[in-house]
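Novice: compute the structure for the input listed below.
(chains A, B and C)
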Amino acid sequence: MDLLHSLNPQQRAAVTLPDVPALILAGAGSGKTRVLTTRIAWLLQQGRVGPGGILAVTFTNKAAREMLTRIEAVLPVQTRGMWIGTFHGLCNRLLRAHHREANLPSTFQILDSQDQLSAIKRVIKAANVDEERCPPRDLQFFINGAKESGQRSTDVSGYGHDRRWVELFAAYDAQCQREGSVDFAELLLRSVELLTRNEALRTHYQHRFRHILVDEFQDTNVLQYRWLKMLAGTSGTIFAVGDDDQSIYRFRGANVGNMADFQREYDVTHVIKLEQNYRSHGNILDAANHLIGNNARRMGKNLWTDAGPGEKLRLYEGPSDTFEAAWVVDEVRDRQREGDRLSEIAILYRSNAQSRVFEHALFTAGLAYRVYGGLRFFERAEIKHALAYLRLVANPDDDVSFARVVNFPARGIGARSLEQLQAVAQAAGSSLFAAVASVPGRSAESFAKFASIVHELRAKVDDLSLAELVEEMLKRSGLVQHFQSERDGADRVENLAELVNAAAGFVQEHQDEPADTAAPAVAPASSAQLALQSFLAHASLESGDNQAQSGQDALQLMTVHAAKGLEFDTVFLTGLEEGLFPHENSLSEADGLEEERRLMYVAITRARKRLNLSFAQSRMLHGQTRYNLRSRFVDELPPKLLHVLAARGRAGAFFGGFAGNQGRGSGPETGGRASGGRPTSGREAGWPQGTRAAAGADSWTAESTAMQTDSHVLRIGQGVRHPKFGDGVVVRLQGSGGDARAQINFGAFGVKELLLAVAKLQPIGS
DNA sequence: GGAGACTGCGTTTTT
DNA sequence: CGCAGTCTCC
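Specialist: Residues are numbered from 1 along each chain as shown, chains lettered A, B, ... in the order given. Just a heads-up that it's a prediction; the model follows:
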């Protein structure tokens, strides 16, 4: 089969590159995954490398799975020998195989962010430090930041950080080492250190992995890049695919600079740009190109398509967030009438808090929707408890898990009893579990009972399937019973049942996977033990989906970040307001605005056919009504690509309690008429001419100021009528006396700054 | 030990 | 405003 026949010239050039370092600048929708998978298939097909010589790394499990599936689809090849996975998944694999060299127990467990935070809290407590003075979250941030830039506590000490923090950092690492646990950043750092230190191992892997392929390279952090370099050495070939314009994760350590560094350090002469877009219509792409053109620091890329221009982008301005949501509901109903599926429609927003208004409107309208974000499956408390039992089964000396569930469900073992046990264990230098037999007093019996649960389960590991073991654990631990008797425990019981399915599914998916390369030196575990072990690692590395009803046809609600990599026929990009998008916090950060613009670029390029933009004059946020200006990003789009819908209902109308009735064309005509015969909804409008307030500090709250004019009091949020501009909302008040001025958002006329002494303003509404 | 009041906080998030 | 996390009282 010809792998290459349906590729465009640039894609083909990328796929068939010789064995040299290469950087592929892959624009949104340009077939990035296709190039990656075809490259792998091609390398194998050409006999340039065997499956064992391939290492492909992604950020998410989903991306890794997709890559694997697609390779298998194009080439009936043994995917077994390949290392395809996430950075963390592959590090786990490496460290499991060489746990002794990495100075880790074979049962080392992986801490997710929650686990890490509780571990840090314990460290702070043990050091007798006040949590007020050292917030655990800040310390967590500090530790992860350090590790992700490759630094240990000893490296960080000279840099003027609070000595206490550095000490706690060291204490935390010591505690992890003692307990045999490893956090996410540690997986990477440990791997890098292992390869740095151990030359034999390093050479082994450098010779093995002839081809290293990296997805979303712009999202790699400093440590991940070091990891790649360590594995590639001088003999391996890195094939990095990324898009600097879609770098939106700087806040979590991503370093776009890695792209330039890679180019320089590897003397990359093969930079291939994939600019043909197969996803969106022309107008959408033009808008995206135009917007991102405002960023100064770019590698440079211009998307194009041979699909037609398609529809214009539609822009709606509503008086409030409620109106915005109502408008979206209307539009969605239109789409439904056209026969579109709900799952092909996405509502995107900058921050999660914005989902509520939409959820409310959609719920009321009876439209099915699905919100992304929030608690994932393996992060739920009941699942965490169940996993703690399983950890004890795998390793009874796991004191953290022991402490977590020894009294959950309640068994009459209180804090005092546990302290007693801890004292005994400490004196004997043993684990809590091992100390159970010698604990004195009345609690001895309760402890023994708990220990026997673990003992019995352990005895069954080899006789039961993993799913059966999980089921047995749920019964014996009393977890199911506990949640069954709880008032709203139904969901939790359901989740626990789902854990049994997850175990069964895990076994099925991994049954033909061989145990890893390195020969286990000591006490070979049974295959059942290994299965349990890897299921536990899986649970830490794969947080799982977050909602059960993923099957049904439903609208997709998510943040712009969460939408990266996805595409939809119709996209509603909402809340396009200064302060929100771009987010106000970003304005004070270096490069913050450019990152927000990249985010906007990502958002725009999610749409295949229809892109709807919207913003609201007022919005409830943190319990206060805020009056925001239209986002500068809207102004950065070429007017000719936009179909501007005039606000339905007049700007100030909602102040009088007027709500609803904003259906297409059915709203009161005040909006159009009062604005001096300007076009109303439905017709094309020219670009609003308004003078924009200086961007940057343009969101205010209603409570700020009030200003006395000759005839009335003016305050922010006040609806006013102007003879020429129609109805608007006071957005800002400044100056005093004869110089008193007000900035007023007149909707279609934009924001005007008016001298109160001169302007003829009439309060309306309230 | 657990339910209910109280406080404080409030981008973006994967592993 | 809505929540998560903490505190307090039975």
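
Novice: near DNA strand C, which residues of the stretch 251-400 of chain A show up?
Specialist: Counting by CB under 7 Å from any atom of the strand, the residues of the stretch 251-400 of chain A close to DNA strand C are residue A:356. Yep, even glycine has a C-beta here, placed from its N, CA and C like the rest.

Novice: next, the buried residues of stretch A:389-403.
Specialist: Buried residues in stretch A:389-403, defined by neighbour count with 16 or more other CB atoms under 10 Å: A:389-403.

Novice: which among those residues gets closest to DNA strand B?
Specialist: residue A:403 (12.3 Å; CB to the nearest atom of the strand).

Novice: could you list the residues in contact with the helix or strand harbouring that closest one?
Specialist: Residue A:403 belongs to helix A:399-405 when assigned by DSSP states H and E. Residues from elsewhere that reach helix A:399-405, judged by CB atoms under 8 Å, 6 or more residues apart in numbering: A:115, A:119, A:179, A:181, A:384-385, A:387-389, A:391-392, A:396, A:418, A:425, A:431-433, A:477.

Novice: give me that answer again for 6 Å
Specialist: Applying CB atoms under 6 Å, 6 or more residues apart in numbering, the contact partners of helix A:399-405 are A:385, A:388-389, A:391-392, A:431-433.

Novice: tell me how far the closest residue to DNA strand C within the stretch 301-450 of chain A lies from DNA strand B.
Specialist: Among the residues of the stretch 301-450 of chain A, residue A:356 lies closest to DNA strand C, at 6.3 Å counting by CB to the nearest atom of the strand. Note on residue A:356: its distance to DNA strand B, by CB to the nearest atom of the strand, to the nearest Å, is 10 Å.

Novice: tell me the helix or strand right after the helix holding residue A:403.
Specialist: Following helix A:399-405 in sequence, per DSSP H and E, is helix A:415-428.

Novice: now for that following helix, which elements pack on it?
Specialist: Packing partners of helix A:415-428 (3 or more CB pairs under 6 Å, 6 or more residues apart in numbering; DSSP states H and E): helix A:432-435.

Novice: how far off centre is the helix it packs on?
Specialist: On the basis of CA atoms, centre = their mean, to the nearest Å, helix A:432-435 sits 39 Å off its chain's mean C-alpha point.

Novice: same check on stretch A:418-438?
Specialist: Mean-position distance between stretch A:418-438 and its chain equals 41 Å (CA atoms, centre = their mean).

Novice: ends of that stretch, what's the gap?
Specialist: 13 Å (CA to CA, to the nearest Å).

Novice: kindly export the helix holding residue A:403 (C-alpha atoms) in CSV.
Specialist: Below are the C-alpha coordinates for helix A:399-405, written out as CSV (Å, rounded to 0.1, in the frame of the first residue of the first chain):
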residue,chain,number,x,y,z
ASP,A,399,1.7,3.7,55.1
VAL,A,400,0.0,6.5,53.3
SER,A,401,-2.7,4.2,51.9
PHE,A,402,-2.9,2.5,55.3
ALA,A,403,-3.6,5.8,57.0
ARG,A,404,-6.1,6.8,54.4
VAL,A,405,-8.4,3.8,54.7
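
Novice: for the stretch 351-500 of chain A, what spans make up the helices?
Specialist: A:355-365, A:381-394, A:399-405, A:415-428, A:432-435, A:443-460, A:466-477, A:479-484, A:490-510 (DSSP state H, counting those that start in this stretch).

Novice: who are the packing partners of the shortest one?
Specialist: Packed against helix A:432-435, as judged by 3+ CB pairs under 6 Å, 6+ apart, are the following elements: helix A:399-405, helix A:415-428.

Novice: hang on, the earlier thing: which one of the helices of the stretch 351-500 of chain A lies nearest to residue A:371?
Specialist: helix A:355-365 (5.5 Å; CB to CB).

Novice: can I get the CA coordinates of the closest one in CSV?
Specialist: Coordinates of each C-alpha in helix A:355-365 appear next as CSV, following Å, rounded to 0.1, in the frame of the first residue of the first chain:
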residue,chain,number,x,y,z
SER,A,355,-20.1,27.7,31.9
ARG,A,356,-22.9,28.2,34.5
VAL,A,357,-24.9,30.7,32.6
PHE,A,358,-24.9,28.4,29.6
GLU,A,359,-25.7,25.3,31.6
HIS,A,360,-28.7,27.1,33.1
ALA,A,361,-30.0,28.3,29.7
LEU,A,362,-29.4,24.9,28.1
PHE,A,363,-31.0,23.0,30.9
THR,A,364,-34.1,25.2,30.8
ALA,A,365,-34.2,24.9,27.0
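
Novice: could you list the low-pLDDT ranges of the stretch 101-250 of chain A?
Specialist: The stretch 101-250 of chain A contains residues with pLDDT under 70 at A:158-161.

Novice: for the residue in it positioned nearest to DNA strand B, what are phi and psi?
Specialist: Closest to DNA strand B within the stretch 101-250 of chain A is residue A:184: 3.5 Å, counting by CB to the nearest atom of the strand. Main-chain torsions, residue A:184, degrees, to the nearest 10: phi -60, psi -50.

Novice: for residue A:290, give me its contacts.
Specialist: residue A:638.

Novice: now do whichever strand or helix holds it: distance to the chain's middle.
Specialist: In this assignment (DSSP H and E), residue A:290 forms part of helix A:282-292. For helix A:282-292, the separation from the chain centroid amounts to 24 Å (computed by CA atoms, centre = their mean).

Novice: now swap in stretch A:397-406 and tell me
Specialist: How far stretch A:397-406 lies from its chain's middle: 30 Å, per CA atoms, centre = their mean.
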